[in-house]
Structure formats: C-alpha cells, structure tokens
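Student: got a predicted structure plus its sequence, pasted below:
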Amino acid sequence: MKKLHLAISTDDIAATVQDYSHRLLAQPCVVVDGEYALWRTETLNISVCKDVSIQKGTVRHLGWEESTATEFTAEVDTNGITWEHFTAGQQAEEINELWPSANYHP
C-alpha cells in the first residue's frame, strides 16, 4: 500500500503531538522528546521535526511510504520540494540513525 508522507517543521514537539494526535485520532508511533514525532495511519505517514533552519509550520518534504520501495530515494520536483520514497523499515533505519534512543520498529 502507498501512503502519502508529509514532513512538517515545528518549534514545539509536545504541543504539536497533542494537537495532531487529536486531529488524526491517533497517537504517534514514535516520539523523540523535543525533537521528532511520527504518525502512521492507514493512508498517511506524517512527521514533525524541530528544525530551527525552517520556519515552523513549513513543509520540510513530501513523499511516499510504499512497501515495494527497493531503496530510500529522494528527488526534487519542479517547485523545489523534495519527494522521498521509502519503506516503513527504511524510514525506521533513518529515525534510529538520527535518534538512536528512539529504538523505533514499525
């Protein structure tokens, strides 16, 4: 199954987790305190990350989570937006590389 991936910047992970959990009617599957959170619903893969280099509420990148992806790829579209393509496992590897304490397994 193909899920749309939406990555958004924030300056307050805790407040965003509370807000988005309410909006998505689901708790995040991983939270790195003060840094990152990820929700995976049936149709959507959405992450929020504290990134001081990007204005809060800005789309960091888009992409597709797809079980048939053979490798993690990223390309930039005509509007300058990065689109990633990956499996849930490949995303977990990236999360655990950036935040080893997350120990995230989808």
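Tutor: Sure, I can see it. Residues are numbered from 1 along each chain as shown.

Student: tell me where this protein has helices.
Tutor: 13-24, 88-98 (DSSP state H).

Student: wait, which of those helices is closest to residue 30?
Tutor: Checking these against residue 30 by Cβ to Cβ gives helix 88-98 as the closest, at 6.4 Å. C-betas here are computed from N, CA, C, even on glycine.

Student: what residue is smack in the middle of this structure?
Tutor: Centroid-nearest residue in the chain, with Cα atoms, centre = their mean: residue 47, separated by 2.8 Å.

Student: now the strands for this structure?
Tutor: 2-10, 30-32, 36-40, 44-50, 59-66, 73-76, 82-86 (DSSP state E).

Student: can you give me the buried ones in the second one?
Tutor: For strand 30-32, the neighbour count (16 or more other Cβ atoms under 10 Å) marks 30-32 as buried.

Student: as CSV, these with distance to residue 14 and pLDDT would be great.
Tutor: CSV is the format used below for the buried residues of strand 30-32 (distance: Cβ to Cβ, whole Å; pLDDT from 0 to 100):
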residue, distance to residue 14, pLDDT
30, 14, 97
31, 9, 97
32, 12, 97
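
Student: dump these to TSV, plus distance to residue 75.
Tutor: Formatted as TSV, the buried residues of strand 30-32 follow (distance: Cβ to Cβ, whole Å):
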residue	distance to residue 75
30	25
31	29
32	26
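
Student: how close does the residue of the chain positioned farthest from its centre get to residue 64?
Tutor: Farthest-out residue of the chain from its mean C-alpha position, per Cα atoms, centre = their mean: residue 78, at 21.8 Å. According to Cβ to Cβ, to the nearest Å, residue 78 and residue 64 sit 17 Å apart.

Student: residue 26 and residue 42 touch, don't they?
Tutor: No: Residue 26 is beyond contact range of residue 42, at 9.8 Å (criterion: Cβ atoms under 8 Å).

Student: and for the closest residue to residue 17 other than its chain neighbours, the neighbour number?
Tutor: Nearest residue to residue 17, sequence neighbours excluded (Cβ to Cβ, 6 or more residues apart in numbering): residue 37, at 5.0 Å. Neighbour count of residue 37, defined by other Cβ atoms under 10 Å: 23.
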